[in-house]
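J.: Got a sequence here, can you build the structure:
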Amino acid sequence: MLVVPAIILKLAREFLGLSQDEVEAHTHVSRSTIQRVERGRGGVLNSAVELQKFYQNSGIEFLPPTSGAGWGLVNNNAVGDDFRLNKLESVVVRNRSVQKEGR
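T.: Below is the predicted model:
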């Protein structure tokens, strides 16, 4: 399997209309790991492959570079009259507390 570059994984997530929290809920890959994968940090190859498989199973087709062209994406969910970015079940996203400076 050809591993997709970090920026293409981020675009796949966004193309499905999903937040990092929603991907975490579907895949159980932590949000911080998703962030590391999308930033191209080392040491997360297994998680990158897991995310790639999740996106493929969710309707994303990754188009590897050919004939001098770069990577491409196809969202197979967005076809015909039933135009939806994804067909995933709704998931409960856990609340994250945000601390403000000066408090």
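
J.: contacts, neighbours, all on C-alpha from now
T.: Noted.

J.: Going along the chain, name the helices of the chain.
T.: In order along the chain, the chain carries the following helices (DSSP state H): 6-15, 20-27, 31-38, 45-57.

J.: Helix or strand with the lowest mean pLDDT in the chain?
T.: For the chain, counting by mean pLDDT, DSSP states H and E, strand 72-75 ranks last in confidence among helices and strands (a mean of 92).

J.: Now that one: buried residues?
T.: Burial within strand 72-75, assessed by neighbour count using 16 or more other C-alpha atoms under 10 Å, is assigned to residue 75.

J.: per-residue pLDDT, residue 102?
T.: Among the per-residue scores, residue 102 shows a pLDDT of 57.

J.: Adding distance to residue 73, mean pLDDT and mean neighbour count, write the helices of the chain out as TSV.
T.: Putting those into TSV (distance: least, C-alpha to C-alpha, whole Å; pLDDT from 0 to 100; neighbours: other C-alpha atoms under 10 Å) gives the following:
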stretch	distance to residue 73	mean pLDDT	mean neighbour count
helix 6-15	7	96	18
helix 20-27	18	95	18
helix 31-38	16	97	18
helix 45-57	10	96	17
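
J.: and the gap between the residue lying closest to residue 29 once chain neighbours are set aside and residue 3?
T.: In space, and not counting its chain neighbours, residue 29 is closest to residue 47: 6.9 Å by C-alpha to C-alpha, 6 or more residues apart in numbering. According to C-alpha to C-alpha, to the nearest Å, residue 47 stands 11 Å off from residue 3.

J.: returning to what we had before: parallel or antiparallel, list what pairs with the least confident helix or strand of the chain.
T.: If you go by DSSP bridges, strand 72-75 pairs up with strand 60-63 (antiparallel).

J.: residues making contact with the partner strand?
T.: The contact list for strand 60-63 (C-alpha atoms under 8 Å, 6 or more residues apart in numbering) reads 4, 12, 16, 56, 71-77.
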